[in-house]
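A.B. asks: quick one: sequence plus predicted model below, questions after.
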Amino acid sequence: MSPNPRSAPRRERARAATIDEIKQTALALMRERGTVEVRFTDIARVMDMTPPALYRYFADRDELVSALIKDAYEGLGEAVAKARAEAPPGDIAAAWVAAGQAYRRWAHEEPQQFALILGMPLPDYAAPPDGSTSEAAGRAMAQLSSLFVEALHQGRLGPPRIREVHPAVELCARIKHEQHEVAVGPAHFQAMMHAWAALHGFTSLEANGHFAWMDPEARDALFLGQLRLAAEAAGLPVPA
């Protein structure tokens, strides 16, 4: 008797649905507990499965965490890309503000995912050797770095405030250029890293409650000032 040609796709859909349920259950447990720890025993209990059954879908905890990390970076990248697309075409300053606001908003809406990818490293976690999590991170962060390339192509990328570049940073710039074709020089690569550090630093402090003593309007104003300051220091068009 010949096999049903529809059975394999059906099994694949069922497997994909179970994998998605495992990941969503892990995220729900993280949100419930306010942590990024993942335990197969807890996931299995919620899903009414035995812990060994989960190993049919993920080889170990690290493989599950890697899948969650990739999903988180994809979510962040999509949020920033959507915000950028809604900015007026060619308006680098507006796109920078939109991207920064989306980064901050996503951190507020997805605190566990934000902590998983941009917080303290998970104890005993080893990233996959195939580099898939690094590639996902690169795609997400490209939503920010590509603003510099776009500004360069428009002739609107001015000199950064800090132009001296340490040889070690120059080496990092060359490596990134070879890996991702970052089409800006070392000084602007350094400025790009400074801009991300400024954006992430504010977002991380706020996400961890360190600005809770300020009312929301004051935090919004402070954040916009941070984006303006970062743009000015980096040579990007400065938002109004």
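C.D. replies: Structure received.
A.B. asks: in space, what's closest to the residue nearest to the spatial centre of the chain - neighbours in sequence excluded?
C.D. replies: In the chain, the centroid-proximal residue (Cα atoms, centre = their mean) is Tyr73; its distance is 4.0 Å. Spatial nearest neighbour of Tyr73, excluding adjacent residues (Cβ to Cβ, 6 or more residues apart in numbering): Ala136 at 3.9 Å. Any C-beta I mention is one placed from the backbone N, CA and C, and that applies to glycine too.
A.B. asks: tell me how far the lowest-mean-pLDDT helix or strand in the chain lies from the chain's centre.
C.D. replies: Sorting the helices and strands of the chain by mean pLDDT, DSSP states H and E puts helix 167-180 at the bottom, at a mean of 85. Counting by Cα atoms, centre = their mean, to the nearest Å, helix 167-180 is centred 21 Å from the centre of its parent chain.
A.B. asks: packing partners of that helix?
C.D. replies: Contact analysis of helix 167-180 by 3 or more Cβ pairs under 8 Å, 6 or more residues apart in numbering; DSSP states H and E lists helix 132-153, helix 186-207 as its packing neighbours.
A.B. asks: hang on, the earlier thing: what's whichever strand or helix holds the residue nearest to the centre of the chain packed up against?
C.D. replies: For Tyr73, the host element (DSSP states H and E) is helix 61-86. Where contact means 3+ Cβ pairs under 8 Å, 6+ apart, helix 61-86 is packed against helix 7-33, helix 92-109, helix 111-118, helix 132-153.
A.B. asks: and that helix, what's buried?
C.D. replies: Neighbour-count burial for helix 61-86 flags 61-62, 64-73, 75-77, 79-81, 83-84 (criterion: 16 or more other Cβ atoms under 10 Å).
A.B. asks: and Tyr73, how far from Glu110?
C.D. replies: The gap separating Tyr73 from Glu110 is 11 Å, by Cβ to Cβ, to the nearest Å.
A.B. asks: no wait, Leu222
C.D. replies: Counting by Cβ to Cβ, the gap from Leu222 to Glu110 is 22 Å.
A.B. asks: more neighbours: which of these two?
C.D. replies: Glu110 (19 against 13; other Cβ atoms under 10 Å).
A.B. asks: contacting residues around the residue nearest to Tyr73?
C.D. replies: Contacts of Ala136 were listed using Cβ atoms under 8 Å, 6 or more residues apart in numbering, and they are Ile69, Lys70, Tyr73, Glu74, Gly77.
A.B. asks: what stretches of this structure score poorly on pLDDT?
C.D. replies: In the predicted model of the chain, residues 1-8, 179-182 satisfy pLDDT under 70.
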